[in-house]
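In: Sequence isn't available, so here's the structure alone:
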């Protein structure tokens with residue numbers, strides 16, 4: 001059921017791993033990804049992961065996030 005609803009979606013900057021579950025989607029991101037623009041510093045970073053579908057006309061979209069941060073091992 002969930003996968004049928006996501007059939008028309010595509011990735012901008014695909015993550016390391018994606019798992020679709022009954023309750024939603026689990027994403028393992030690349031390290032240090034972001035969408036950030038600074039006109040003052042002439043800096044832009046657009047390597048964040050974005051899962052989207054193109055739509056025309058009016059629509060409503062809801063999102064619920066549950067985030068878990070997993071630290072990388074410390075390097076000596």
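Out: Structure's in. What do you need? None of these values were measured; they are calculated from a predicted model.

In: how much space between residue 65 and residue 27?
Out: Using C-beta to C-beta, to the nearest Å, residue 65 is found at 10 Å from residue 27. The way it works is simple: take the backbone N, C-alpha and C, and place the C-beta from them, glycine included.

In: Name the residue in the two with the higher neighbour count.
Out: Comparing residue 65 with residue 27 by other C-beta atoms under 10 Å, the one with more neighbours is residue 27, at 13 against 5.

In: In terms of helices and strands, where is the more buried one?
Out: strand 24-28 (DSSP states H and E).

In: Provide the strand pairings for whichever helix or strand comes after that strand, with the direction of each partner.
Out: Sequence order places strand 35-38 as the next helix or strand after strand 24-28, per DSSP H and E. Paired strands of strand 35-38, with direction, are strand 43-46 (antiparallel) (DSSP bridges).

In: Three-state assignment for residue 14, please.
Out: Each residue gets one of three states, and residue 14 gets coil by DSSP: H, G, I helix; E, B strand; the rest coil.

In: Check the gap between it and residue 29 for me.
Out: Taken as C-beta to C-beta, the span from residue 14 to residue 29 is 10 Å.

In: any residues in contact with both of these two?
Out: Residues touching both residue 14 and residue 29 comprise residue 49, with contact defined as C-beta atoms under 8 Å, 6 or more residues apart in numbering.

In: show me the contacts for residue 43.
Out: Neighbouring residues of residue 43 by C-beta under 8 Å, 6+ apart: 36, 37.
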